[in-house]
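> Mind looking at a prediction? Sequence and model below.
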Amino acid sequence: MRILITGICGFAGSTLARDLLGAGHQVTGFDSFIRPGSETNRAPLEKRGAKILTADLRHPTEMAALPPADFVIDAAANASVLAGVDGRTSSRELVDHNLVGTINILEYCKTHRAGFILLSTSRTYSIPPLAALKVEIKDDAFRPADSDDFPPGLGPAGVRETFSTAAPVSLYGATKLASETLALEYGETFGFPVFLNRCGVLAGAGQFGRADQGIFAYWINSWRRRRPLKYLGFDGQGHQVRDCLHPRDLVTLLETQFSAPPLPVGDRIVNCAGGAHSAMSLRQLSAWCAQRFGPLAVASDPRPRPFDIPWLVLDAAKADRVWGWRPQTPVAAILEEIAVHAEQNPDWLDLSAPH
């Protein structure tokens, strides 16, 4: 199978590329290399047999020059929920990267009749009902307090695909949700397969160290280096909860999707996440770090932050039902993998920090 990966030298793209190469696929990818740290993945991937091109998905002429592929995996995005509002990027830059770029890739798929797989996000789900969820603290983590008062599409196992995607979902979430809609329409109109995999928080060794895009890797790397850390928002004690998923666990799902027969549109949208089994709070992550590296004082700032949610866990039961897919890497293994990488790469936070 000829696979084209966008953002191939990012964390998700490079991880998927390594495993797909190992499974015998022909992998080509491109990257704009504007993300600090991404260049470090180029030579190792080329050594494994990947063909790496320099291209920017915002430019249609560069997309038109790409070689044909059987499937495109779209792993390129500005993946921060604060993108477009945090002063680092403009709202227009966010839309150009995450939506206009998707349109250019879909035009490529139309031309080459290539299948399209979008790595989407849990941030397509509506913020107000999640932010208003009644929570309680147990074992140093928030959890839903009243199972009789869940909004539709939410249960003890997490957010299901039927949960509301009504605005507001953040500018970032809106670009991914619009990309999902356009992808499905392009596929139906021009006759190529489209699959939308809404991922929880991706985590693993080699993830670039930024709090807004890889909180598990950022926290562990910062703790290892004794850098200042701070609990932000809510009670200022780090009780917010997220689940995590190693991107290599997506490979078995992707390979099933490569050869899938035609499916109803509803079955082509699934949550891909570690779910409740992998969910943990920052305070629990701190306890793990303290045991692994020794204690570190964490500051507190309870002031609210835009788009923050106390408990965001995805229910991936539909992916199991439709695809027979379940995550395989336990959270303890993910954390230890990040810790070992942090020890072996003492300059990692500086290498991958914004310039």
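Perfect, I can see it now.
> helices or strands next to the helix or strand bottoming out on mean pLDDT in the chain in the packing?
Using mean pLDDT, DSSP states H and E, helix 348-351 stands out as the lowest-scoring helix or strand of the chain, at a mean of 86. On a contact count with 3 or more CB pairs under 8 Å, 6 or more residues apart in numbering; DSSP states H and E, helix 348-351 meets helix 215-224. All C-beta atoms are positioned from the backbone trio N, CA, C, and that covers glycine.
> Counting by contacts, list what the helix it packs on packs against.
helix 282-293, helix 331-344, helix 348-351.
> For the last one, buried residues please.
In terms of neighbour count (16 or more other CB atoms under 10 Å), helix 348-351 has its buried residues at 348, 349.
> before we move on, back to that, what does the least confident helix or strand of the chain contact?
Outside of helix 348-351, the residues that reach it under the criterion CB atoms under 8 Å, 6 or more residues apart in numbering are 36, 37, 40, 209, 218, 221, 222, 225, 227, 341, 342, 345.
> Among the residues you listed, which one sits closest to residue 69?
Closest approach to residue 69 among those (CB to CB): residue 40, at 24.6 Å.
> Would you list the phi and psi of that closest one?
phi -70, psi -20 (degrees, to the nearest 10).
> just to revisit the earlier point, make a markdown table from the helices and strands packed on helix 215-224 and add distance to residue 309 to it.
Output for those, formatted as a markdown table (distance: least, CB to CB, whole Å):
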| stretch | distance to residue 309 |
| --- | --- |
| helix 282-293 | 13 |
| helix 331-344 | 19 |
| helix 348-351 | 26 |
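> Compare those helices and give me the one nearest residue 188.
For residue 188, the closest of the helices and strands packed on helix 215-224 is helix 331-344, at 36.4 Å, according to CB to CB.
> How about the helix or strand where residue 128 lies, which residues are buried there?
Per DSSP states H and E, residue 128 falls inside helix 127-131. Buried residues in helix 127-131, defined by neighbour count with 16+ other CB under 10 Å: 127, 129, 130.
> Also stretch 232-251?
Buried residues in stretch 232-251 (16+ other CB under 10 Å): 232-234, 237-251.
> Select from these every entry located in strands.
Using DSSP state E, 232, 241, 242, 244, 245 are the members of the buried residues of stretch 232-251 that sit in strands.
> Let me know the closest of the residues you listed to residue 102.
Proximity to residue 102 was ranked across these by CB to CB; first place goes to residue 245, at 21.6 Å.
> Isn't the closest one up against residue 277?
No - between residue 245 and residue 277 there is no contact under CB atoms under 8 Å: 10.7 Å.
> which residues of the stretch 251-355 of the chain score low on pLDDT?
Applying pLDDT under 70 to the stretch 251-355 of the chain picks out residues 354-355.
> how about a cut-off of 90?
Regions of the stretch 251-355 of the chain meeting the criterion pLDDT under 90 cover residues 304-307, 347-355.
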